[in-house]
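S.K.: I would like the atomic coordinates for the input below:
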Amino acid sequence: MTTSNESSLPDEAILLGAHADDWRGAVRLAGDALVAAGITTPVYSDEMVAAVETLGPYIVIAPGFALAHARPSAAVLRTGISWVQLDEPVVFGHAKNDPVDLVAGLAAVDHDAHLGIMSTLARALADPAVMTLLRETGDAAGVRRALGLD
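M.R.: The predicted model follows:
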């Protein structure tokens, strides 16, 4: 099993077939996975939800995909991501990219620390075959493989 120190996306940070009742629940799942992997404290989940409440559904950056994040803060212990594959899509309120069935949680210790992870996610989002694989995979290793993080 991958430990939190070995990967920016450890097993503990990956939830597959998870259920959320709404966008807040989906963001909280991503936050809970960051906490489980030792990437953030629970406060960061609140900060991610507050960011969407304040700024709107700007985190829905591609069809069916949301990148949940907040500003770097003391609640971020190290840079990393979580991955949530929802069993049922949820609505965030985005005019073009709703509903969402994939949510990545991103935590960075500073504004530059996340650039490598963003590059990896951008490659995945640009490839429809990779996105299909991410929606269908049933194991953490498959998520890391699809994202090129294995």
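S.K.: use CA for all of it now, contacts and neighbours both
M.R.: OK.
S.K.: the residue nearest the centre of the chain pairs with what?
M.R.: Centroid-nearest residue in the chain: Ala104, 1.2 Å away (criterion: CA atoms, centre = their mean). Note on Ala104: beta-bridge partners by DSSP bridges are Leu67, Trp83.
S.K.: report pLDDT for it.
M.R.: For Ala104, the pLDDT comes out at 96.
S.K.: is it in contact with Ala62, as I believe?
M.R.: No: with contact defined as CA atoms under 8 Å, Ala104 does not reach Ala62; the gap is 11.8 Å.
S.K.: and for these two, which residues touch both?
M.R.: Here Ala104 and Ala62 have no joint contacts, going by CA atoms under 8 Å, 6 or more residues apart in numbering.
S.K.: can you classify Leu106 by secondary structure?
M.R.: Three-state call for Leu106 (DSSP: H, G, I helix; E, B strand; the rest coil): strand.
S.K.: nearest residue to it in space, please, no chain neighbours.
M.R.: Ile81 (4.6 Å; CA to CA, 6 or more residues apart in numbering).
S.K.: so who does the one you found touch?
M.R.: Ser8, Leu9, Ala13, Leu34, Ile39, Ala104, Gly105, Leu106, Ala107, Ile117.
S.K.: thought the fifth one was touching Ser82?
M.R.: By that I understand Ile39. No: if you go by CA under 8 Å, Ile39 and Ser82 don't touch, sitting 9.0 Å apart.
S.K.: alpha carbons of the lowest-mean-pLDDT helix or strand in the chain, as PDB, please.
M.R.: When each helix and strand of the chain is scored by mean pLDDT, DSSP states H and E, helix 115-125 comes last, with a mean of 80. What follows is helix 115-125, C-alpha atoms only, in PDB (Å, rounded to 0.1, in the frame of the first residue of the first chain):
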ATOM      1  CA  LEU A 115       1.900  23.500 -10.500                       C
ATOM      2  CA  GLY A 116       3.100  20.000 -11.200                       C
ATOM      3  CA  ILE A 117      -0.200  18.500 -10.000                       C
ATOM      4  CA  MET A 118      -2.200  21.000 -12.100                       C
ATOM      5  CA  SER A 119      -0.100  20.000 -15.200                       C
ATOM      6  CA  THR A 120      -0.900  16.300 -14.600                       C
ATOM      7  CA  LEU A 121      -4.600  17.000 -14.100                       C
ATOM      8  CA  ALA A 122      -4.700  19.200 -17.300                       C
ATOM      9  CA  ARG A 123      -3.300  16.300 -19.400                       C
ATOM     10  CA  ALA A 124      -6.000  14.000 -18.000                       C
ATOM     11  CA  LEU A 125      -8.800  16.500 -18.600                       C
END
